[in-house]
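A.B. asks: Quick one, what's the 3D model for this:
(one chain, ligands or ions: 1)
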Amino acid sequence: MIDLSTEYLGIKLSNPLVPSSSPLTGELDSAMKLEDAGASALVLPSLFEEAIEYEQQQLERFVNSQSLGHYEALSYQPIPEEYSSELDRYLERIQQFKSALDIPVIASLNGISTSGWIETGKELQQAGADAIELNVYYIAGDPTISGEEVENRYLQLLADLRGHISLPVTMKLSSQFSCVANMVHKLERAGARGVSLFNRFYQPDIDLETLQIKPHLELSSSMESLLRIRWIALIRDRVDLSIAATGGFHHTEDIIKGLLAGADIIHLCSALMKNGPEHIAVLKRELQDWLEENEYSSVAQMKGSVSRSCAINPAALEHSNYMHIIKSYSL
Ligand SMILES: Cc1cc2nc3c(=O)[nH]c(=O)nc-3n(C[C@H](O)[C@H](O)[C@H](O)COP(=O)(O)O)c2cc1C
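C.D. replies: All right, here's what the predicted structure looks like:
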């Protein structure tokens, strides 16, 4: 029997297939289907900093307008006991998932400022989350902000959180750093237990009718996995933290390549949104078949075997290959 188990953020998982944040991981019904189909853990949809801030502003406005209208307002101000905030609902969801599922549940925080996250992190820990994924979705469009400042935001946020919670923290990163490998290394030193490579930025489009910029979300394609596979293969033996591959992992072949490059787990989102939660069972079976056919006894044995230090031609991961590739293209 092939051993599919893997270790991620210090947690032993039964296999490397982990649904990443998406609407599918936010509802208990679909989360249970994911677990039944073989998901070995899941990441909840993110708790967004701006959603919490917006809610607080609305609440303050509501309270203030009440107190302007009634001189005895304090006794009327209905911050009802049953009032449930975005954070309350998130914590309830963790508790509900933890009691209904056997697999680890990873909470996800999405934001760029450190202010609120320390308290929030402690509450996520108390609610029973097994780990926290920090998604710092930051578009550095201000030309006065340097790369170093951007990196320091990530590092500061991580260090603040790590100082107050004992849960493992993993960082979901974009590929848009000058030195991805160095950034991962710095995060490791700042206490990250893992990185998730790479976040997808959704590219807004321009509506030619209205000339407005319009948000645009398209599910990924398998081609996008190649960027992740390359970077994971490049850094696998240079860092000592867990690596999750996210972005473009649709087919069993993509998953196998991600593991060969050195990923500890493969996150799935678009593939499950397209094919439904049950699709994990197909991917898991095909992964198992491939390992068997290729005479591997475990995922651990194949993991990283085509990473930079083990690949037959590691130069192909780096620049030297560029010239040969463009010259080999024939019209
Ligand atoms: C509808 C939708 C909702 C998502 N919600 C979140 C989220 O709340 N937090 C997050 O970090 N990523 C979120 N993601 C990103 C996915 O977790 C994943 O990283 C990304 O889609 C790339 O993986 P894929 O190619 O398998 O789709 C979302 C993606 C989609 C399509």
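A.B. asks: Give me every residue in the stretch 51-200 of the chain lying close to the ligand.
C.D. replies: Along the stretch 51-200 of the chain, the residues adjacent to the ligand under the rule Cβ under 6 Å from any ligand atom are 108, 110, 135, 172, 200. Quick note: C-beta positions are derived from backbone N, CA and C, even for glycine.
A.B. asks: Helices of this structure, residue ranges please.
C.D. replies: Under the criterion DSSP state H, the chain contains helices at 28-37, 49-69, 73-76, 86-100, 117-127, 147-162, 180-189, 225-235, 252-261, 270-275, 279-293, 299-302, 321-328.
A.B. asks: by contact count, what packs against the fifth one?
C.D. replies: Under the contact criterion of 3 or more Cβ pairs under 8 Å, 6 or more residues apart in numbering; DSSP states H and E, helix 117-127 touches helix 86-100, strand 105-110, strand 131-135, helix 147-162.
A.B. asks: Would you reformat the ones you listed as CSV and include mean neighbour count?
C.D. replies: Written out in CSV, the entries for these read as follows (neighbours: other Cβ atoms under 10 Å):
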stretch, mean neighbour count
helix 86-100, 16
strand 105-110, 25
strand 131-135, 25
helix 147-162, 17
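A.B. asks: Which of those sits closest to residue 196?
C.D. replies: Nearest to residue 196 among the helices and strands packed on helix 117-127 is strand 131-135; the distance by Cβ to Cβ comes to 6.4 Å.
A.B. asks: The closest one to helix 117-127, inter-axis angle?
C.D. replies: Orientation note: strand 131-135 sits at an angle of 150 degrees relative to helix 117-127 (axes from the mean of the first three to the mean of the last three Cα atoms, to 10 degrees).
A.B. asks: now residue 15: how far from residue 103?
C.D. replies: Using Cβ to Cβ, to the nearest Å, one gets 10 Å for the distance from residue 15 to residue 103.
A.B. asks: Residue 10 contacts residue 169, doesn't it?
C.D. replies: No - the pair residue 10 and residue 169 fails to qualify as a contact (Cβ atoms under 8 Å) at a distance of 11.2 Å.
A.B. asks: higher neighbour count, the two?
C.D. replies: Regarding residue 10 and residue 169, a neighbour count based on other Cβ atoms under 10 Å identifies residue 169 as having more, with 23 against 11.
A.B. asks: tally of neighbours for residue 39?
C.D. replies: A count of nearby residues for residue 39, using other Cβ under 10 Å, gives 27.
A.B. asks: Can you name the residues that contact it?
C.D. replies: Contact criterion Cβ atoms under 8 Å, 6 or more residues apart in numbering gives 17, 18, 19, 103, 277, 280 as the residues in contact with residue 39.
A.B. asks: hey, what's the third one bridged with?
C.D. replies: Think residue 19. residue 268 (DSSP bridges).
A.B. asks: Can you give me the distance of residue 16 to the ligand?
C.D. replies: Summarising the geometry, the distance separating residue 16 from the ligand, computed by Cβ to the nearest ligand atom, to the nearest Å, is 14 Å.
A.B. asks: Please look at that residue and residue 262 and confirm they touch.
C.D. replies: No - assessed by Cβ under 8 Å, residue 16 is found out of contact with residue 262, at 11.5 Å.
A.B. asks: joint contacts of these two?
C.D. replies: With contacts defined as Cβ under 8 Å, 6+ apart, no residue is adjacent to both residue 16 and residue 262.
A.B. asks: quick one on the thing from earlier: out of the helices and strands packed on helix 117-127, which gets the lowest mean score?
C.D. replies: Averaging pLDDT over each of those singles out helix 147-162 as the lowest, with a mean of 92.
A.B. asks: returning to what we had before: select, out of the helices and strands packed on helix 117-127, the one closest to residue 222.
C.D. replies: By Cβ to Cβ (comparing all of the helices and strands packed on helix 117-127), the closest turns out to be strand 131-135, at 22.5 Å.
A.B. asks: Around the ligand, which positions in the stretch 201-331 of the chain sit nearby?
C.D. replies: Among all residues of the stretch 201-331 of the chain, those adjacent to the ligand (criterion: Cβ under 6 Å from any ligand atom) are 219, 220, 246, 247, 248, 249, 268, 269, 270, 271, 273.
A.B. asks: give me the number of residues near the fifth one?
C.D. replies: The one in question is residue 248. Counted by other Cβ under 10 Å, the residues lying close to residue 248 total 24.
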